[in-house]
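Visitor: dropping the sequence and predicted coords here.
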Amino acid sequence: MNENIIPRIGTFFIIMGVGFLILFIASDLAGQTYFDYFFLGLVVIAVGSLLRRKAPPPPPSGRFSIIRKVRERKQQKAEQKQKKK
């Protein structure tokens, strides 16, 4: 269970960091720029990415398996034609 919670906390920090950056942009558009939001957002995103780095890569989804099979068939046919020549 602990293996799955650390990357999730990292994802939460990344989302919070993006939120702080949006607040920074909003404060800049309002005319009162708060650089604290900018620096806090960068720090939180950095910490989140360090925690997220420990996540295992997701398994392949297989969404484009049909396209991959079609390409492999075309390559095999091209190789067979070259072997015949």
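Guide: Looks like it came in fine. Numbers count the residues shown, from 1 in each chain.
Visitor: gap between the longest helix seen in the chain and the chain center?
Guide: The longest helix of the chain (DSSP state H) is helix 2-30. Here helix 2-30 is found 14 Å from its chain centre; the criterion is CA atoms, centre = their mean, to the nearest Å.
Visitor: and that helix, what does it pack against?
Guide: Here helix 2-30 is seen to pack against helix 35-52 when contacts are counted using 3 or more CB pairs under 8 Å, 6 or more residues apart in numbering; DSSP states H and E. Bear in mind the C-beta positions are built from the backbone N, C-alpha and C, glycine included.
Visitor: quick one: mean pLDDT over the helix or strand following the helix it packs on.
Guide: Past helix 35-52, further along toward the C-terminus, the next helix or strand under DSSP states H and E is helix 65-84. Averaged over helix 65-84, pLDDT sits at 87.
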